[in-house]
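Chemist: here are the coordinates; sequence isn't available:
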Ligand code: ATP
Ligand code: MG
């Protein structure tokens with residue numbers, strides 16, 4: 001019996017991997033341009049880290065974590081997101097002592113026990129970035145500009161940047177209370193989930209996807225009308241930096257995030273092309289998080305983009321993989337050995353070379369060379385070995401001439417350069 005993979009956890013197959021590599025290398029390139037450096041943290045952390053940072057009443061902690069007890073009795077969880085582990089590492093290694101401003105990015109698998117569907121999986125991948133240590137609203141704008149830049153560089157233009165502010169510990173409690181009062185007047189119209197959690201986490205009700213909850217909360221008070229002066233000034237300043245740089249965005253006062261640690265600016269990159277999975281990237285400011293995890297009182301802002309959703313939106317195919325420069329077709333044992341030696345020495349010099357390993361006929365070797373898209377084919381048999389030269393066929397022009405085997409690398413280099421112009 002064959003063993004299958006785990007539901008909601010996908011293989012990324014060779015014919016898909018190029019899109020992934022393209023998205024990853026584009027993110028690295030753009031993020032590094034903006035001064036971010038990569039940080040790599042484990043995929044498993046103490047469960048407590050996520051409970052304390054993401055919040056006990058969030059979907060992630062309530063029902064989506066892969067939590068297990070290890071052989072020493074510790075409760076561990078596969079990371080459902082990247083910010084908490086990065087902050088844990090930042091605090092543990094006192095990165096703030098090295099530089100007052102830290103710009104970090106990460107990339108890797110995350111795990112959430114969700115109902116698998118298009119764009120929603122149990123193992124998925126995020127590329128994320130965090131800036132720690134800057135209160136200035138211009139950094140919020142810069143993070144947003146970088147996100148927009150990344151999407152443009154990735155060739156994904158079916159998205160809209162939406163922003164909101166969730167206030168801070170000064171103004172959010174007042175808004176929250178107002179929202180609770182509003183929700184209490186409409187409890188009967190809310191779904192079971194929302195009725196259960198509206199007291200613990202009223203903002204989440206605004207984010208509920210159930211149509212009844214949407215309708216019932218159309219007239220809900222807007223968080224933007226209840227920001228304190230500090231949060232309002234901050235939001236105005238973020239917007240004015242976005243306006244000044246002509247960064248397109250929309251304000252969405254109903255956007256709340258599914259993690260408790262967010263304050264002030266929050267944002268999402270939203271698409272209409274992925275059904276209910278409409279957020280491709282999401283993030284915000286988390287000014288109290290580092291302190292609440294036992295670190296210094298430093299503010300932070302960051303986002304994560306889901307690679308699976310990015311890949312689904314990336315409809316144009318990326319540059320195909322490089323083709324072999326040369327296929328050496330060999331006839332007979334002696335020629336097979338020589339083909340292997342020639343190939344080995346050319347590979348050492350960074351030519352892309354293929355030979356046949358399956359003992360195929362000359363005809364089928366040539367067919368394979370064609371299928372692989374080899375630029376040149378060298379055909380060797382006993383006679384060719386004896387005279388130390390062989391026909392080299394240019395597959396693009398379908399012409400061939402006799403070339404010496406001793407200086408093959410030099411000759412190949414010249415021919416590839418001569419012929420590098422696109423057809
Ligand atoms: P959603 O509302 O779709 O559940 P979320 O608010 O839970 O998203 P975040 O925790 O903010 O998402 O994660 C940021 C990004 O990670 C999302 O915008 C999405 O692209 C991706 N993501 C989150 N959960 C999944 C998942 N289960 N499968 C695939 N991608 C995901
Ligand atoms: Mg979610």
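Modeler: Here it is on my side, so go on. Predicted, not measured: the structure shown is a model, and the values here were computed from it. Residues are numbered from 1 along each chain as shown. Ligands and ions are numbered 1, 2, ... in the order given.
Chemist: so whichever residue of the stretch 101-250 of the chain sits closest to ligand 1, which state does it fall into?
Modeler: Ranking the residues of the stretch 101-250 of the chain by distance to ligand 1 (CB to the nearest ligand atom) places residue 124 first, at 3.3 Å. C-beta coordinates here come from the backbone N, C-alpha and C atoms, glycine included. State at residue 124, reduced to three classes by DSSP: H, G, I helix; E, B strand; the rest coil: strand.
Chemist: list the contacts of residue 70.
Modeler: Contacts for residue 70 (CB atoms under 8 Å, 6 or more residues apart in numbering) come out as residue 76.
Chemist: for it, give me the pLDDT.
Modeler: If you check residue 70, the pLDDT there is 98.
Chemist: please apply the same query to residue 317.
Modeler: With respect to pLDDT, residue 317 scores 73.
Chemist: where does it fall, phi/psi-wise?
Modeler: Backbone geometry at residue 317, expressed as degrees, to the nearest 10, gives phi -80, psi 140.
Chemist: for it, give me its contacts.
Modeler: Residue 317 neighbours (CB under 8 Å, 6+ apart): 18-19.
Chemist: one step back: test my guess that the residue of the stretch 101-250 of the chain closest to ligand 1 contacts residue 109.
Modeler: Yes. Look at residue 124 against residue 109 with CB atoms under 8 Å: they come within range, at 7.1 Å.
Chemist: these two: which is more packed in?
Modeler: Set residue 124 next to residue 109 and count neighbours by other CB atoms under 10 Å: residue 124 wins out with 21 against 15.
Chemist: and the longest helix seen in the chain, anywhere near ligand 1?
Modeler: If you go by DSSP state H, the chain has its longest helix at helix 14-33. No. Helix 14-33 is not in contact with ligand 1 by CB under 6 Å from any ligand atom; minimum separation 11.9 Å.
Chemist: show me what counts as buried in that helix.
Modeler: Within helix 14-33, the residues scored as buried using 16 or more other CB atoms under 10 Å are 19-20, 22-24, 26-27, 30-31.
Chemist: reformat those residues as a markdown table; add distance to residue 253 and pLDDT.
Modeler: A markdown table is the format used below for the buried residues of helix 14-33 (distance: CB to CB, whole Å; pLDDT from 0 to 100):
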| residue | distance to residue 253 | pLDDT |
| --- | --- | --- |
| 19 | 35 | 94 |
| 20 | 35 | 96 |
| 22 | 35 | 95 |
| 23 | 31 | 97 |
| 24 | 34 | 97 |
| 26 | 32 | 97 |
| 27 | 29 | 98 |
| 30 | 29 | 98 |
| 31 | 29 | 98 |
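Chemist: how near is the closest residue to residue 235 other than its chain neighbours to residue 206?
Modeler: Once flanking residues are discounted, residue 235 sits nearest to residue 165: 4.3 Å by CB to CB, 6 or more residues apart in numbering. Counting by CB to CB, to the nearest Å, the gap from residue 165 to residue 206 is 14 Å.
Chemist: of these two, which one has the most company?
Modeler: Using other CB under 10 Å as the criterion, residue 165 and residue 206 rank with residue 165 on top: 29 against 19.
Chemist: contacts only, for the residue nearest to residue 235.
Modeler: Neighbour list for residue 165: 223-224, 227, 231-232, 234-235, 264-266 [criterion: CB under 8 Å, 6+ apart].
Chemist: list phi and psi for it.
Modeler: Per-residue torsions, residue 165: phi -130, psi 140 (degrees, to the nearest 10).
Chemist: beta partners of whichever residue of the stretch 201-350 of the chain sits closest to ligand 1?
Modeler: The stretch 201-350 of the chain approaches ligand 1 most closely through residue 306 (2.3 Å), counting by CB to the nearest ligand atom. On the basis of DSSP bridges, residue 306 is bridged to residue 126.
Chemist: wait, doesn't it sit right on residue 283?
Modeler: No. Contact criterion CB under 8 Å: residue 306 and residue 283 do not qualify, at 11.7 Å.
Chemist: near ligand 1 at all, the lowest-mean-pLDDT helix or strand in the chain?
Modeler: Ranking every helix and strand in the chain by mean pLDDT, DSSP states H and E puts helix 59 at the bottom, with a mean of 86. No. With CB under 6 Å from any ligand atom as the criterion, ligand 1 is not reached by helix 59; the gap is at least 7.0 Å.
Chemist: now for whichever helix or strand comes after that helix, which elements pack on it?
Modeler: Per DSSP states H and E, the first helix or strand lying C-terminal to helix 59 is strand 67-69. On a contact count with 3 or more CB pairs under 8 Å, 6 or more residues apart in numbering; DSSP states H and E, strand 67-69 meets strand 75-78.
Chemist: separation between residue 63 and ligand 1?
Modeler: 12 Å (CB to the nearest ligand atom, to the nearest Å).
Chemist: for that residue, which non-adjacent residue is closest in space?
Modeler: residue 113 (7.0 Å).
Chemist: also residue 296?
Modeler: In space, residue 296 is closest to residue 96, 5.8 Å off (CB to CB, 6+ apart).
Chemist: Three-state assignment for that neighbour, please.
Modeler: helix.
Chemist: surely it meets residue 300?
Modeler: No. Between residue 96 and residue 300 there is no contact under CB under 8 Å: 10.9 Å.
Chemist: shared neighbours, those two?
Modeler: Both residue 96 and residue 300 are contacted by 132-133, under the criterion CB under 8 Å, 6+ apart.
Chemist: if you count surrounding residues, which of these two has more?
Modeler: residue 300 (26 against 17).
Chemist: for residue 327, see how far away residue 351 is.
Modeler: When distances are taken as CB to CB, residue 351 and residue 327 turn out to be 11 Å apart.
Chemist: also residue 73?
Modeler: Distance of residue 73 to residue 327, computed by CB to CB: 58 Å.
Chemist: ok, residue 68 next?
Modeler: Taken as CB to CB, the span from residue 68 to residue 327 is 50 Å.
Chemist: and if you look at residue 179?
Modeler: Shown here: residue 179 relative to residue 327, a distance of 68 Å by CB to CB.
Chemist: neighbour-wise, which of those two wins?
Modeler: residue 327 (29 against 23).
Chemist: need the three-state assignment for the more buried one.
Modeler: Taking three-state DSSP as the rule, one finds residue 327 in the strand state.
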